[in-house]
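Asks: Quick one: sequence plus predicted model below, questions after.
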Amino acid sequence: MAIEKNQVVSMEYDLTEKGGSDILDSNKGHQPLEFITGKQQIIPGLEERISDMSAGEERSIDVPAAEAYGEVNPEAVDTLPREQFAGLDLKEGMQLYGQGENGETVMVTVKTFDDNTVTIDYNHPLAGKDLTFNVKVLDVREATPDEVLSGQVGGGGESCGSGCGCH
């Protein structure tokens, strides 16, 4: 039975880069990832590819970069004055959180730095990477009217935990 729009899907997953063996993210043994279909709460390629799965089914799913976190945008790199990072023990590759132009939380990765400047990358760390999700669908149910309206499983809590599948 196909998964349809406005259903709550509960699943567990391991995430690797396609062809790789290092687990980049996993919720196995922890809280399941729960999301409402059709609400763009997980990457589009994953949601599309689980749409024909049923509760209890397991599958390895490849998602190309364009349908995951997108391709790397070379223009999403910026060099800022070091003073903006005062008090931080900077390390190349570290991820920092800040506030975007519209008040939203943005994550950046420190690419390089010296005494005067810091080069940061706004691309998602998994941008440009083809991914493999090893997924088990635990449960599928109709979303309640409150969940459909709020877009959140449970009608008002967090929509899908802290998993990699979130936007």
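Replies: All right, it came through fine.

Asks: give the contact list for the closest residue to T117 other than its chain neighbours.
Replies: The shortest distance from T117 to any residue other than its chain neighbours is 5.1 Å, reached at T79 (Cβ to Cβ, 6 or more residues apart in numbering). From N, CA and C alone the C-beta is placed, and that goes for glycine too. Going by Cβ atoms under 8 Å, 6 or more residues apart in numbering, T79 touches 117-120.

Asks: Let me know whether Q99 touches V106 as I believe.
Replies: Yes - counting by Cβ atoms under 8 Å, Q99 does reach V106; the two are 7.0 Å apart.

Asks: of those two, who's got more company?
Replies: V106 (13 against 9; other Cβ atoms under 10 Å).

Asks: can you give me the strands for this structure?
Replies: 7-17, 23-26, 33-36, 58-63, 77-81, 95-99, 105-113, 117-121, 131-142 (DSSP state E).

Asks: Output the third one as CSV, nothing but the C-alphas.
Replies: Output for strand 33-36, consisting of C-alpha atoms alone and laid out as CSV, is shown next (Å, rounded to 0.1, in the frame of the first residue of the first chain):
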residue,chain,number,x,y,z
LEU,A,33,12.2,10.0,12.6
GLU,A,34,8.5,11.1,12.3
PHE,A,35,7.3,13.4,9.5
ILE,A,36,4.1,14.3,7.7
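
Asks: Mind giving me the packing neighbours of that strand?
Replies: With contacts defined as 3 or more Cβ pairs under 8 Å, 6 or more residues apart in numbering; DSSP states H and E, strand 33-36 has these neighbours: strand 7-17.

Asks: what's the strand it packs on packed up against?
Replies: Short answer (3+ Cβ pairs under 8 Å, 6+ apart): strand 7-17 packs on strand 23-26, strand 33-36, strand 131-142.
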